[in-house]
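S.K.: Just need the structure, nothing else, for what follows:
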Amino acid sequence: MTEDHHEAQGASPSVRLYVETPLAEGARLDCVPAQANYLVNVMRMKPGDALLVFNGRDGEWLARVSEARKGRCALLAESRTRAQTAGPDIHYLFAPLKKARLDYMVQKATELGVALLQPVMTRRTVAERVNGERMRANVIEAAEQCGVLRLPEVREPEKLSKVLQGWPAGRRLVFADEAAPIASPLEALAAMANGPAALLIGPEGGFDPAEREMLRGLPFVQPISLGPRVMRADTAAVAALALMNAVLGDWR
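M.R.: Numbers count the residues shown, from 1 in each chain. The predicted model follows:
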């Protein structure tokens with residue numbers, strides 16, 4: 001949840017909260033214990049104080065605290081401040097990283113507007129376990145802090161080979177490859193047809209040669225270069241997603 005302090009009633013609210021409840025004028029929102037503790041004990045919010053709420057489906061709403069006491073907090077939705085937007089149709093596939101770097105990568109991918117997060121297990125993947133609840137918590141925290149309205153779907157880890165075998169028709173897969181035939185990533189992305197897309201970033205040690213050859217041989221894969229410098233996987237993800245948003249997403 002956002003760490004900003006709430007402002008006086010009547011000012012633009014700085015607290016922004018994700019809720020599961022459907023949002024509509026007059027809807028009552030009962031906070032879960034962690035949210036109630038945050039709003040009442042950390043932010044010291046009182047009845048009448050305003051905040052923004054969203055659920056990833058119904059846009060963003062102005063709400064006010066209607067009840068605030070130890071262990072309990074309820075909100076009342078007043079009016080919609082922003083309509084729901086779809087965001088770019090970009091999926092992000094990645095080999096899991098160690099905890100802190102995975103947290104960072106999930107947060108940045110959420111900020112960059114991806115629609116789906118798919119961990120893939122490769123031959124050189126170091127992190128063998130992925131905590132889906134932790135990923136979801138990082139998605140929510142990033143969305144609350146940066147103002148996005150849509151939360152990406154978080155999927156369970158799958159082997160890379162299985163994901164590729166069931167690849168959906170019509171979705172291009174951008175593959176970060178230092179040996180890409182087109183040196184300019186912008187030129188390579190511009191050559192793709194507009195439509196659903198996905199990005200694949202490999203593990204810290206890079207893809208196994210057999211995996212790389214398999215990817216290069218698939219008709220729906222578009223290799224791109226990310227320049228002359230070697231990047232960490234989380235840095236490469238941010239760079240590639242920014243390029244995709246600029247060429248194929250909603251930065252155009």
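S.K.: Skipping its backbone neighbours, what lies nearest the spatially most central residue of the chain in space?
M.R.: Note on the chain: the residue nearest the mean C-alpha position is Thr110, at 2.1 Å, using CA atoms, centre = their mean. Nearest residue to Thr110, sequence neighbours excluded (CB to CB, 6 or more residues apart in numbering): Ala142, at 4.0 Å. Quick note: C-beta positions are derived from backbone N, CA and C, even for glycine.
S.K.: in terms of contact, does that neighbour touch Glu111 like I think?
M.R.: Yes: with contact defined as CB atoms under 8 Å, Ala142 reaches Glu111; the gap is 5.6 Å.
S.K.: Low-confidence regions, the chain specifically.
M.R.: Scanning the chain for pLDDT under 70 picks out 1-12, 127-128.
S.K.: 50 instead, please
M.R.: 1-10 (pLDDT under 50).
S.K.: where along it do the helices fall?
M.R.: In the chain, the segments counted as helices under DSSP state H are 33-37, 99-111, 132-146, 160-165, 185-190, 209-216, 233-247.
S.K.: Arg82 is nearest to which of these?
M.R.: Closest approach to Arg82 among the helices of the chain is made by helix 132-146 (13.0 Å; CB to CB).
S.K.: And the contacts of that closest one?
M.R.: 1-3, 16-18, 54, 56, 99, 102-103, 106-108, 110-111, 117, 148-152, 154, 156 (CB atoms under 8 Å, 6 or more residues apart in numbering).
S.K.: at 7 Å what do you get?
M.R.: Contact partners of helix 132-146, identified using CB atoms under 7 Å, 6 or more residues apart in numbering, comprise 1-2, 16-18, 103, 106-107, 110-111, 117, 151-152, 154, 156.
S.K.: so who does the spatially closest residue to Arg123 that is not a sequence neighbour touch?
M.R.: Spatial nearest neighbour of Arg123, chain neighbours left out: Asp208 (4.0 Å); criterion: CB to CB, 6+ apart. Counting by CB under 7 Å, 6+ apart, Asp208 makes contact with 122-124.
S.K.: Of those residues, grab the buried ones for PyMOL.
M.R.: To isolate the buried ones among the contacts of Asp208 in PyMOL, judged by 16 or more other CB atoms under 10 Å, type:
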select buried, resi 122+123
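S.K.: if we can go back for a sec, mark which of the contacts of helix 132-146 are buried, thanks.
M.R.: Judged by 16+ other CB under 10 Å, buried ones among these: 1-2, 16-18, 103, 106-107, 110-111, 117, 151-152, 154.
S.K.: Please parse the chain into its domains.
M.R.: When the chain is parsed with automatic domain parsing, its domains come out as 16-82, 90-247.
S.K.: To what extent is the nearest residue to Arg252 once chain neighbours are set aside buried, counted in neighbours?
M.R.: Closest residue in space to Arg252, ignoring its immediate chain neighbours: Ala246 at 7.1 Å, by CB to CB, 6+ apart. Using other CB atoms under 10 Å, Ala246 is surrounded by 14 other residues.
S.K.: so how far is Gly113 from Ala246?
M.R.: Look at Ala246 and Gly113: by CB to CB, to the nearest Å, they are 12 Å apart.
S.K.: The protein: strands as residue ranges?
M.R.: Counting by DSSP state E, one finds strands in the chain at the ranges 16-18, 28-30, 50-54, 60-69, 72-82, 90-94, 116-121, 153-154, 158-159, 172-176, 197-201, 221-224.
S.K.: returning to that earlier point: what's the burial count for the residue nearest to Thr110?
M.R.: 21.
S.K.: just Arg69 next, same as before
M.R.: Counted with other CB under 10 Å, Arg69 comes out at 10.
S.K.: and if you look at the one 10 residues further on?
M.R.: The number of residues packed near Ser79 is 8, by other CB under 10 Å.
S.K.: hang on, isn't it packed against Ala63?
M.R.: No: if you go by CB atoms under 7 Å, Ser79 and Ala63 don't touch, sitting 9.1 Å apart.
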